[in-house]
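Visitor: A predicted structure for the sequence below; I have some questions about it.
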Protein chains: 2
Amino acid sequence: MAVTEALSLFGDRWVLLVVREAALGVRRFTDLQQTTGAPRTVLADRLRRLVAAGVLEQREYVLPGARPRPEYVLTPAGRDLLPVLAAFSDWAARHLADDRPPDVTYRHAGCGGHVGAHLVCDCGAEITPGDQLVASVLREGAR
Amino acid sequence: MAVTEALSLFGDRWVLLVVREAALGVRRFTDLQQTTGAPRTVLADRLRRLVAAGVLEQREYVLPGARPRPEYVLTPAGRDLLPVLAAFSDWAARHLADDRPPDVTYRHAGCGGHVGAHLVCDCGAEITPGDQLVASVLREGAR
DNA sequence: AGGCTGAGTCCAGAGTCCATACTCAGGACT
DNA sequence: AGTCCTGAGTATGGACTCTGGACTCAGCCT
């Protein structure tokens, strides 16, 4: 199953946080470590996995007067995870509405408006959160 | 951080699978165990957590001539996770395009069309996966 | 030569995961 | 009345993973 497989990659407390930080432009190991709070060992491992999965790309960066070091940049596939992050962010904002405001919101580069993930049908209709039921199907082969 | 918190609940290989199966109408312990493949101990724990988080609700069901047993049904908050699932499913279909077709797709109850998660700005513009860059900001407080 | 820094690795204790076996409640069968 | 059956778990213990702190390593700079 495709989603099962995706979850064996992303089903982890840190992975999506790393992706989010990468989307925000954080590229360096220690910066990622700071912003995500992941322990170094785990971060090293997750970066490896994400690179292997084609979500991040490892490059070199050279600060003037320093030896080259690796940095991690989202690939197109990685950027394509933004809807997932936005959907999570929306959900968190709506349903675990604790005190503090959302830490990160997604905004439209053009107009500055808030960007959220919405369910849209190929027919053009937007599925309202209400009950215009989204039926889901198609489990054929054995597992 | 809100998302961090959400990930400490959903950042797990099984939780979202359970939610997906619940969305597909699977309600009973053993059925969930079968369809997700989660070990019983883990499933029991995850169900507890999801109920505590208000994503699932535990009810009783009674089959004729059997004692009442618990079943697990998505709450509105749980149904609200569908965009996350759809976003994942889309991503998986696009980027880990391995052989087998997607196991589950999300369809519009009205027209039967495929439903996907899209980034939509409050201004109404749909963010194309391309590069109409989605800037993301607002990290204020300390972590 | 020695120091500094970013990017890791090593290690040991703590915490999770998973498979297998066991329990428990109530209806059905004999 | 006792036994069996079933769904929904719990108990247990070995394997695996996380975590935080100490250690390493490469290259520039003095």
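Guide: Cool, got the structure.

Visitor: Let me know the average pLDDT across the host helix or strand of A:Gln58.
Guide: Assigned by DSSP states H and E, A:Gln58 falls within strand A:56-61. Strand A:56-61 shows a mean pLDDT of 97.

Visitor: does any part of whichever helix or strand comes after that strand sit near DNA strand D?
Guide: Where DSSP H and E defines the elements, the next helix or strand beyond strand A:56-61 is strand A:69-74. No. Using C-beta under 7 Å from any atom of the strand, strand A:69-74 stays clear of DNA strand D, with a minimum separation of 9.2 Å. C-betas here are computed from N, CA, C, even on glycine.

Visitor: strands paired with strand A:69-74, and their directions?
Guide: As defined by DSSP bridges, the strand partners of strand A:69-74 come to strand A:56-61 (antiparallel).

Visitor: is DNA strand D contacted by the partner strand?
Guide: No. Using C-beta under 7 Å from any atom of the strand, strand A:56-61 never reaches DNA strand D; the gap is at least 11.1 Å.

Visitor: buried stuff in that strand?
Guide: A:56-57 (16 or more other C-beta atoms under 10 Å in any protein chain shown).

Visitor: Report the distance from it to the chain centre.
Guide: For strand A:56-61, the separation from the chain centroid amounts to 18 Å (computed by C-alpha atoms, centre = their mean, to the nearest Å).

Visitor: which residues are in contact with the strand holding A:Gln58?
Guide: With contacts defined as C-beta atoms under 8 Å, 6 or more residues apart in numbering or on different chains, strand A:56-61 is touched by A:18-19, A:22, A:27-28, A:47, A:50-51, A:68-75, A:78.

Visitor: among those residues, which ones are buried?
Guide: Counted by 16+ other C-beta under 10 Å, the contacts of strand A:56-61 give A:18-19, A:22, A:27, A:47, A:50, A:71-72, A:74-75, A:78 as buried.

Visitor: With distance to A:Pro39 and pLDDT added, can I get those in TSV?
Guide: Shown next, in TSV, are the buried ones among the contacts of strand A:56-61 (distance: C-beta to C-beta, whole Å; pLDDT from 0 to 100):
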residue	distance to A:Pro39	pLDDT
A:Val18	12	97
A:Val19	17	97
A:Ala22	18	96
A:Arg27	19	97
A:Leu47	13	98
A:Leu50	16	98
A:Glu71	20	98
A:Tyr72	17	98
A:Leu74	22	96
A:Thr75	25	96
A:Gly78	22	95
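
Visitor: ok, which pair from the residues you listed is furthest apart?
Guide: Farthest pair in the buried ones among the contacts of strand A:56-61 (C-beta to C-beta) is A:Val19 and A:Glu71. Separation: 14.9 Å.

Visitor: All the strands of chain A, in order from the start?
Guide: A:56-61, A:69-74, A:105-108, A:115-121, A:134-137 (DSSP state E).

Visitor: Show me which residues of chain A are close to DNA strand C?
Guide: Going by C-beta under 7 Å from any atom of the strand, the residues of chain A near DNA strand C are A:28-31, A:40-41, A:44-45, A:47, A:69-71.

Visitor: and if we set it to 6 Å?
Guide: Counting by C-beta under 6 Å from any atom of the strand, chain A comes close to DNA strand C at A:28-30, A:40-41, A:44, A:69-70.

Visitor: For A:Cys121, which non-adjacent residue is spatially closest?
Guide: Distance criterion C-beta to C-beta, 6 or more residues apart in numbering or on different chains; nearest residue to A:Cys121, sequence neighbours excluded, is B:His108 at 3.9 Å.
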